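Peer 1: Here is a sequence with its predicted model. Questions after.
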Amino acid sequence: MCTTAFRHISHMNRPLAFDPDVALDRAMHLFWERGYEGTSLQDLLRATHLSKSSLYQTFGSKHALLLEAIRRYRDEISSRMDADLAAASSGRAFIEDVFSEFAESGCFVLNCASEFAQRDREVAELVSCGLARFEAIFEAAVRRAQQEGEIDHGRDAKALARYLVSSRSGLKTMAKAGASPRTMKDIVDAVLRTLFG
């Protein structure tokens, strides 16, 4: 089941002396940069400016903190993508913008998918939910592009959306392998040609 609310795990009755949302954002970016295994507890304490007791009282554990970070990223990115699609001049423009941005920054959800695969059921469920959300947004963009005459109506919008999600995953793999910006752009251009000709 896809959950969306940020759930503070702390059971303390007194007010917190720090902002858990800020700490969560800092942890998320650290996990994104280094991966779960590459991020030590000391790294997290330095990045979040929390004591060990505050981190555990608020989030429960390093693993629980990762789960909250994935939820945060998934919810923020899917909300932003929804808003960007609504504001885009066309379905095609939205897709092109998403892939141009992705080639530069990557995706935290796909990072987690790559690092954990199916080894962790909770992470796998969150990743699966995140990918399903991205797929639904891409499908809406493809259908809009079909209505606007940019993609043939005879093509399966859901299949194309899945192709876009899998292409993002492939781009992440290439980036992790050290592909150059030129190579990444070439791949993005090929993906877009497949959609739009």
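Peer 2: Yep, that arrived. Numbers count the residues shown, from 1 in each chain.
Peer 1: What residues sit buried inside the lowest-mean-pLDDT helix or strand in the chain?
Peer 2: Least confident element among the helices and strands of the chain, by mean pLDDT, DSSP states H and E: helix 108-116 (a mean of 83). Within helix 108-116, the residues scored as buried using 16 or more other C-beta atoms under 10 Å are 108-113, 115-116. The C-beta positions use only the backbone N, C-alpha and C, and glycine is treated the same way.
Peer 1: And the residue nearest the centre of this structure?
Peer 2: Val109 (3.9 Å; C-alpha atoms, centre = their mean).
Peer 1: can you pull the contacts of it?
Peer 2: 70, 73-74, 77, 126-127, 130-131, 134 (C-beta atoms under 8 Å, 6 or more residues apart in numbering).
Peer 1: where does the chain have low pLDDT?
Peer 2: Where the chain drops to pLDDT under 70, the residues are 1-17, 102-105, 117.
Peer 1: surely Tyr163 meets Gly170?
Peer 2: No: under the criterion of C-beta atoms under 8 Å, Tyr163 makes no contact with Gly170, lying 10.2 Å away.
Peer 1: Neighbour count: those two, which is higher?
Peer 2: Taking neighbours as other C-beta atoms under 10 Å, Tyr163 and Gly170 compare with Tyr163 leading, 17 against 13.
Peer 1: what's the closest non-adjacent residue to that one?
Peer 2: Thr194 (7.4 Å; C-beta to C-beta, 6 or more residues apart in numbering).
Peer 1: Which strands and helices lie in contact with the helix or strand hosting that neighbour?
Peer 2: Element membership of Thr194, judged by DSSP states H and E, is helix 181-196. If you count contacts as 3 or more C-beta pairs under 8 Å, 6 or more residues apart in numbering; DSSP states H and E, helix 181-196 packs onto helix 91-105, helix 121-147, helix 157-176.
Peer 1: Who are the contact partners of the closest residue to Ile137 other than its chain neighbours?
Peer 2: Excluding the flanking residues, the one nearest Ile137 by C-beta to C-beta, 6+ apart is Met81, at 4.8 Å. Neighbouring residues of Met81 by C-beta under 8 Å, 6+ apart: 98, 134, 137.
Peer 1: so how far is Lys62 from the residue lying closest to the first one once chain neighbours are set aside?
Peer 2: Just to be clear, that refers to Val98. Spatially, and ignoring its direct neighbours in sequence, Val98 is nearest to Met81 (6.9 Å; C-beta to C-beta, 6+ apart). Look at Met81 and Lys62: by C-beta to C-beta, to the nearest Å, they are 28 Å apart.
Peer 1: and what of Ala175?
Peer 2: From Ala175 to Lys62 the distance is 25 Å (C-beta to C-beta).
Peer 1: neighbour-wise, which of these two wins?
Peer 2: Neighbour count, other C-beta under 10 Å: between Ala175 and Lys62, Ala175 has more, with 22 against 16.
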